[in-house]
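> got a predicted model here, sequence first, then my questions.
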Amino acid sequence: MITCKVCNKEFETERQLHAHLKAHKLTMIEYYQQYYPRHDLYDGKIIKFKNKAQYLSTDFNSRTNLRMWMKSKPEDEAKEYCSSLMKKRMERKGIQYAPTQVELRTIMSPPIQYHDQLFGSYNEFCENLGLKTKFVSPVEIIEGAKWKDPQYKIYVDTREQKPLKFKDRQVEIKTLKFGDYTFSDKEATCNCYIERKNLADFIGTISGGYERFINEIERAKEAEAYLVVLVEDTLTNSLSFPFLKHISKRIKATPEFIFNRVRSLIQDYPHVQFLFVKGRVESSRVIEKIFTSGCVHEKIDLQLAYDTKKL
(Lines give C-alpha, C1' and ligand atoms only; values in the text may rest on other atoms or scores of the structure.)
Protein backbone atom coordinates (compact mmCIF):
# COMPACT_ATOMS: atom_id res chain seq x y z
CA MET A 1 0.00 0.00 0.00
CA ILE A 2 1.07 3.58 -0.70
CA THR A 3 0.33 6.26 1.89
CA CYS A 4 -0.44 9.88 1.11
CA LYS A 5 1.95 12.04 3.10
CA VAL A 6 -0.68 14.79 3.43
CA CYS A 7 -3.64 12.87 4.92
CA ASN A 8 -2.27 9.34 5.50
CA LYS A 9 -4.88 7.79 3.22
CA GLU A 10 -3.69 4.54 1.64
CA PHE A 11 -3.76 3.57 -2.04
CA GLU A 12 -2.96 0.39 -3.92
CA THR A 13 -1.13 2.11 -6.78
CA GLU A 14 0.90 5.25 -7.40
CA ARG A 15 -1.54 6.22 -10.12
CA GLN A 16 -4.34 6.33 -7.54
CA LEU A 17 -2.17 8.42 -5.23
CA HIS A 18 -1.30 10.86 -7.99
CA ALA A 19 -4.98 11.28 -8.92
CA HIS A 20 -5.80 11.84 -5.24
CA LEU A 21 -3.36 14.78 -5.02
CA LYS A 22 -5.95 16.98 -6.74
CA ALA A 23 -7.99 16.80 -3.53
CA HIS A 24 -5.12 18.62 -1.80
CA LYS A 25 -4.70 21.02 -4.73
CA LEU A 26 -1.19 19.70 -5.25
CA THR A 27 0.62 18.81 -8.45
CA MET A 28 2.96 15.82 -8.52
CA ILE A 29 5.90 18.23 -8.61
CA GLU A 30 4.70 20.08 -5.52
CA TYR A 31 3.93 16.86 -3.66
CA TYR A 32 7.29 15.20 -4.17
CA GLN A 33 9.36 18.34 -3.72
CA GLN A 34 7.52 19.12 -0.47
CA TYR A 35 7.35 15.66 1.08
CA TYR A 36 10.42 14.06 -0.50
CA PRO A 37 12.78 17.04 -0.77
CA ARG A 38 15.99 16.43 -2.75
CA HIS A 39 18.63 19.06 -3.31
CA ASP A 40 21.47 19.50 -5.77
CA LEU A 41 24.64 18.38 -4.00
CA TYR A 42 26.58 21.28 -5.50
CA ASP A 43 24.42 24.40 -5.08
CA GLY A 44 21.70 23.13 -2.73
CA LYS A 45 18.79 24.03 -5.04
CA ILE A 46 15.77 21.74 -5.17
CA ILE A 47 16.08 19.00 -7.80
CA LYS A 48 13.96 19.72 -10.87
CA PHE A 49 11.10 17.26 -11.24
CA LYS A 50 10.59 15.48 -14.59
CA ASN A 51 9.18 12.23 -13.30
CA LYS A 52 9.26 10.37 -10.00
CA ALA A 53 12.02 7.91 -10.93
CA GLN A 54 14.25 10.69 -12.26
CA TYR A 55 13.60 12.93 -9.27
CA LEU A 56 14.34 10.32 -6.61
CA SER A 57 17.54 9.14 -8.30
CA THR A 58 19.09 12.48 -9.32
CA ASP A 59 21.73 14.35 -7.32
CA PHE A 60 22.34 17.31 -9.65
CA ASN A 61 20.32 19.67 -11.82
CA SER A 62 23.00 19.94 -14.50
CA ARG A 63 26.13 18.23 -15.72
CA THR A 64 28.01 21.44 -14.93
CA ASN A 65 27.02 21.12 -11.26
CA LEU A 66 28.03 17.47 -11.28
CA ARG A 67 31.42 18.36 -12.77
CA MET A 68 32.01 21.21 -10.31
CA TRP A 69 31.02 19.06 -7.34
CA MET A 70 33.33 16.21 -8.42
CA LYS A 71 36.15 18.70 -8.94
CA SER A 72 35.71 20.07 -5.41
CA LYS A 73 35.91 16.67 -3.70
CA PRO A 74 38.95 14.64 -2.61
CA GLU A 75 39.86 11.81 -4.97
CA ASP A 76 38.65 9.08 -2.59
CA GLU A 77 35.24 10.71 -2.24
CA ALA A 78 34.93 11.18 -6.01
CA LYS A 79 35.83 7.52 -6.57
CA GLU A 80 33.27 6.40 -4.01
CA TYR A 81 30.56 8.49 -5.64
CA CYS A 82 31.30 7.09 -9.13
CA SER A 83 31.30 3.54 -7.78
CA SER A 84 28.04 4.11 -5.92
CA LEU A 85 26.44 5.65 -9.01
CA MET A 86 27.38 2.68 -11.19
CA LYS A 87 26.28 0.11 -8.60
CA LYS A 88 22.88 1.78 -8.30
CA ARG A 89 22.49 1.68 -12.07
CA MET A 90 23.41 -1.99 -12.13
CA GLU A 91 20.80 -2.74 -9.48
CA ARG A 92 18.07 -0.50 -10.89
CA LYS A 93 18.49 -1.29 -14.59
CA GLY A 94 20.08 -4.72 -14.44
CA ILE A 95 22.80 -3.73 -16.94
CA GLN A 96 25.49 -6.29 -17.74
CA TYR A 97 27.77 -4.29 -20.05
CA ALA A 98 29.93 -1.32 -19.12
CA PRO A 99 27.92 1.73 -20.21
CA THR A 100 29.12 3.33 -23.41
CA GLN A 101 29.94 7.01 -23.86
CA VAL A 102 26.44 7.63 -25.25
CA GLU A 103 24.88 6.01 -22.20
CA LEU A 104 26.96 7.98 -19.71
CA ARG A 105 26.48 11.30 -21.51
CA THR A 106 22.70 10.87 -21.57
CA ILE A 107 22.37 10.33 -17.82
CA MET A 108 23.68 12.42 -14.93
CA SER A 109 27.08 10.76 -14.86
CA PRO A 110 30.70 11.67 -15.60
CA PRO A 111 31.84 10.57 -19.10
CA ILE A 112 34.34 7.80 -19.76
CA GLN A 113 37.27 10.26 -19.96
CA TYR A 114 36.70 11.30 -16.36
CA HIS A 115 36.58 7.67 -15.17
CA ASP A 116 39.82 6.97 -17.03
CA GLN A 117 41.44 9.94 -15.32
CA LEU A 118 40.10 9.06 -11.88
CA PHE A 119 40.59 5.28 -11.88
CA GLY A 120 43.35 4.89 -14.45
CA SER A 121 41.13 2.65 -16.59
CA TYR A 122 37.37 2.81 -17.14
CA ASN A 123 37.38 -0.82 -18.27
CA GLU A 124 39.10 -2.03 -15.10
CA PHE A 125 36.73 0.07 -13.00
CA CYS A 126 33.72 -1.59 -14.65
CA GLU A 127 35.19 -5.08 -14.59
CA ASN A 128 35.88 -4.77 -10.86
CA LEU A 129 32.17 -4.06 -10.40
CA GLY A 130 31.23 -7.17 -12.37
CA LEU A 131 30.37 -5.56 -15.71
CA LYS A 132 31.41 -6.95 -19.09
CA THR A 133 33.40 -4.61 -21.33
CA LYS A 134 32.85 -4.38 -25.09
CA PHE A 135 35.69 -2.16 -26.21
CA VAL A 136 39.42 -1.74 -25.80
CA SER A 137 40.87 1.17 -23.86
CA PRO A 138 42.51 3.54 -24.58
CA VAL A 139 40.99 4.28 -27.98
CA GLU A 140 43.31 3.71 -30.94
CA ILE A 141 42.41 3.74 -34.61
CA ILE A 142 44.78 2.10 -37.07
CA GLU A 143 43.75 2.79 -40.64
CA GLY A 144 44.19 -0.10 -43.07
CA ALA A 145 46.12 1.11 -46.11
CA LYS A 146 44.67 -1.69 -48.24
CA TRP A 147 41.14 -0.37 -47.86
CA LYS A 148 42.25 3.12 -48.91
CA ASP A 149 42.46 1.83 -52.49
CA PRO A 150 39.82 3.65 -54.57
CA GLN A 151 38.66 0.35 -56.12
CA TYR A 152 36.64 -0.26 -52.98
CA LYS A 153 33.22 1.36 -53.06
CA ILE A 154 30.60 2.42 -50.60
CA TYR A 155 27.22 0.85 -51.28
CA VAL A 156 24.22 3.13 -50.71
CA ASP A 157 20.72 1.79 -50.20
CA THR A 158 18.18 2.57 -52.92
CA ARG A 159 15.80 4.07 -50.33
CA GLU A 160 18.30 6.67 -49.18
CA GLN A 161 16.60 9.91 -50.24
CA LYS A 162 19.53 12.30 -49.82
CA PRO A 163 22.70 10.21 -50.18
CA LEU A 164 25.87 11.57 -48.65
CA LYS A 165 28.73 12.57 -50.93
CA PHE A 166 32.19 11.15 -50.38
CA LYS A 167 35.27 13.10 -51.36
CA ASP A 168 37.45 10.34 -52.84
CA ARG A 169 35.22 7.29 -52.81
CA GLN A 170 32.97 5.89 -55.51
CA VAL A 171 29.45 4.90 -54.52
CA GLU A 172 27.08 2.34 -55.95
CA ILE A 173 23.33 2.24 -55.39
CA LYS A 174 22.17 -1.17 -54.17
CA THR A 175 19.25 -2.65 -52.26
CA LEU A 176 20.37 -3.27 -48.68
CA LYS A 177 18.36 -5.45 -46.28
CA PHE A 178 19.18 -3.05 -43.44
CA GLY A 179 21.19 0.10 -42.95
CA ASP A 180 21.86 2.81 -45.53
CA TYR A 181 25.60 2.39 -46.19
CA THR A 182 28.04 -0.50 -46.29
CA PHE A 183 31.43 -1.25 -47.85
CA SER A 184 31.98 -3.25 -51.04
CA ASP A 185 34.29 -5.63 -49.16
CA LYS A 186 32.60 -7.13 -46.10
CA GLU A 187 35.89 -8.55 -44.83
CA ALA A 188 37.27 -5.03 -44.54
CA THR A 189 34.61 -3.98 -42.04
CA CYS A 190 33.52 -7.31 -40.50
CA ASN A 191 30.12 -6.87 -42.14
CA CYS A 192 29.43 -3.36 -40.84
CA TYR A 193 26.38 -1.37 -41.93
CA ILE A 194 25.63 2.25 -41.11
CA GLU A 195 22.11 3.58 -40.61
CA ARG A 196 22.20 7.34 -41.27
CA LYS A 197 19.58 9.62 -39.75
CA ASN A 198 19.06 13.32 -39.33
CA LEU A 199 17.88 14.32 -35.87
CA ALA A 200 14.17 14.41 -36.77
CA ASP A 201 14.41 10.93 -38.37
CA PHE A 202 16.20 9.63 -35.30
CA ILE A 203 13.49 10.91 -32.94
CA GLY A 204 10.76 9.45 -35.15
CA THR A 205 12.50 6.09 -35.40
CA ILE A 206 13.01 5.72 -31.65
CA SER A 207 9.43 6.82 -30.90
CA GLY A 208 6.75 5.97 -33.47
CA GLY A 209 8.98 3.76 -35.63
CA TYR A 210 10.46 1.79 -32.75
CA GLU A 211 9.01 -1.66 -33.53
CA ARG A 212 10.06 -1.38 -37.16
CA PHE A 213 13.55 -0.39 -36.04
CA ILE A 214 13.73 -3.37 -33.68
CA ASN A 215 12.93 -5.62 -36.64
CA GLU A 216 15.78 -4.04 -38.59
CA ILE A 217 18.17 -4.64 -35.71
CA GLU A 218 17.03 -8.26 -35.52
CA ARG A 219 17.61 -8.74 -39.26
CA ALA A 220 21.14 -7.40 -38.86
CA LYS A 221 21.69 -9.79 -35.95
CA GLU A 222 20.51 -12.78 -38.02
CA ALA A 223 22.93 -11.77 -40.79
CA GLU A 224 25.77 -11.48 -38.24
CA ALA A 225 26.14 -7.84 -39.21
CA TYR A 226 27.15 -4.88 -37.06
CA LEU A 227 24.88 -1.82 -37.18
CA VAL A 228 26.10 1.71 -36.46
CA VAL A 229 23.28 4.24 -36.09
CA LEU A 230 24.82 7.55 -37.13
CA VAL A 231 22.87 10.72 -36.27
CA GLU A 232 23.74 13.92 -38.15
CA ASP A 233 23.73 16.16 -35.10
CA THR A 234 25.70 16.50 -31.90
CA LEU A 235 24.73 14.57 -28.81
CA THR A 236 24.36 17.89 -26.96
CA ASN A 237 21.77 19.11 -29.48
CA SER A 238 20.03 15.75 -29.50
CA LEU A 239 19.59 15.88 -25.74
CA SER A 240 17.87 19.27 -26.01
CA PHE A 241 15.89 18.81 -29.22
CA PRO A 242 12.64 20.39 -27.87
CA PHE A 243 14.48 23.74 -27.92
CA LEU A 244 15.77 23.47 -31.50
CA LYS A 245 13.98 25.54 -34.14
CA HIS A 246 14.34 22.90 -36.88
CA ILE A 247 12.64 20.19 -34.80
CA SER A 248 8.85 20.19 -34.96
CA LYS A 249 7.07 21.34 -31.81
CA ARG A 250 4.44 18.70 -32.54
CA ILE A 251 6.79 15.97 -31.39
CA LYS A 252 5.43 14.63 -28.11
CA ALA A 253 8.39 12.44 -27.19
CA THR A 254 10.86 13.84 -24.66
CA PRO A 255 14.65 13.46 -24.70
CA GLU A 256 14.32 11.35 -21.53
CA PHE A 257 11.98 8.93 -23.31
CA ILE A 258 14.10 8.75 -26.47
CA PHE A 259 17.41 8.16 -24.72
CA ASN A 260 16.00 5.69 -22.24
CA ARG A 261 15.16 3.56 -25.28
CA VAL A 262 18.59 4.18 -26.81
CA ARG A 263 20.32 3.01 -23.63
CA SER A 264 18.15 -0.12 -23.54
CA LEU A 265 19.02 -0.92 -27.16
CA ILE A 266 22.74 -0.54 -26.49
CA GLN A 267 22.53 -2.96 -23.56
CA ASP A 268 20.22 -5.45 -25.30
CA TYR A 269 22.04 -5.59 -28.65
CA PRO A 270 25.86 -5.77 -28.46
CA HIS A 271 26.04 -5.50 -32.27
CA VAL A 272 24.61 -1.96 -32.25
CA GLN A 273 26.32 1.38 -31.60
CA PHE A 274 24.95 4.91 -31.73
CA LEU A 275 27.14 7.78 -32.92
CA PHE A 276 26.27 11.49 -32.99
CA VAL A 277 28.35 13.79 -35.22
CA LYS A 278 28.14 17.40 -36.36
CA GLY A 279 26.31 17.50 -39.67
CA ARG A 280 26.38 15.81 -43.08
CA VAL A 281 29.96 16.67 -44.01
CA GLU A 282 31.18 15.10 -40.79
CA SER A 283 28.92 12.11 -41.40
CA SER A 284 30.59 11.48 -44.76
CA ARG A 285 34.05 11.77 -43.27
CA VAL A 286 33.28 9.51 -40.33
CA ILE A 287 31.57 6.83 -42.43
CA GLU A 288 34.58 6.52 -44.73
CA LYS A 289 36.92 6.54 -41.72
CA ILE A 290 34.99 3.67 -40.13
CA PHE A 291 34.93 1.67 -43.37
CA THR A 292 38.67 2.10 -44.01
CA SER A 293 39.91 1.40 -40.48
CA GLY A 294 39.45 -2.34 -40.34
CA CYS A 295 36.79 -3.62 -37.93
CA VAL A 296 37.18 -0.55 -35.75
CA HIS A 297 33.53 -0.53 -34.65
CA GLU A 298 34.00 -3.88 -32.90
CA LYS A 299 37.01 -2.62 -30.95
CA ILE A 300 36.25 0.92 -29.84
CA ASP A 301 33.48 3.07 -28.46
CA LEU A 302 32.82 5.23 -31.52
CA GLN A 303 31.27 8.14 -29.61
CA LEU A 304 34.22 8.26 -27.23
CA ALA A 305 36.59 8.21 -30.21
CA TYR A 306 34.66 11.06 -31.84
CA ASP A 307 34.48 13.09 -28.62
CA THR A 308 38.23 12.77 -28.13
CA LYS A 309 38.91 13.66 -31.80
CA LYS A 310 40.36 10.24 -32.67
CA LEU A 311 37.65 9.41 -35.17
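Received it, and whenever you're ready, just let me know what you need. Residues are numbered from 1 along each chain as shown.

> buried set for stretch 295-309?
295-308 (16 or more other C-beta atoms under 10 Å). Placement of C-beta: from N, CA and C, glycine included.

> mean confidence for that stretch?
Averaged across stretch 295-309, pLDDT comes to 93.

> quick one: contacts of it?
100-102, 105, 111-113, 134-136, 139-141, 189-190, 192, 226, 228, 235, 273-277, 286, 290, 311 (C-beta atoms under 8 Å, 6 or more residues apart in numbering).

> repeat the analysis, applying 7 Å as the threshold.
Contacts to stretch 295-309, defined as C-beta atoms under 7 Å, 6 or more residues apart in numbering, come from residues 100-102, 112-113, 135-136, 139, 141, 189-190, 192, 226, 228, 273, 275-277, 286, 290, 311.

> how long is it end to end?
Using C-alpha to C-alpha, to the nearest Å, the end-to-end distance of stretch 295-309 comes to 18 Å.

> how about the helices in the stretch 51-200 of the chain?
Using DSSP state H, counting those that start in this stretch, the helices of the stretch 51-200 of the chain run over residues 52-57, 63-72, 75-93, 101-105, 112-119, 122-128, 186-189, 199-206.

> which of the ones you listed has the lowest average pLDDT?
The weakest mean pLDDT among the helices of the stretch 51-200 of the chain belongs to helix 186-189, with a mean of 86.

> rewinding a little: from the helices of the stretch 51-200 of the chain, which stretch is densest packed?
With neighbours defined as mean count of other C-beta atoms under 10 Å, those peak in mean count at helix 101-105, which reaches a mean of 24.

> what is that helix packed up against?
helix 255-268, helix 302-307 (3 or more C-beta pairs under 7 Å, 6 or more residues apart in numbering; DSSP states H and E).

> could you find the closest non-adjacent residue to Lys177?
Arg219 (5.9 Å; C-beta to C-beta, 6 or more residues apart in numbering).
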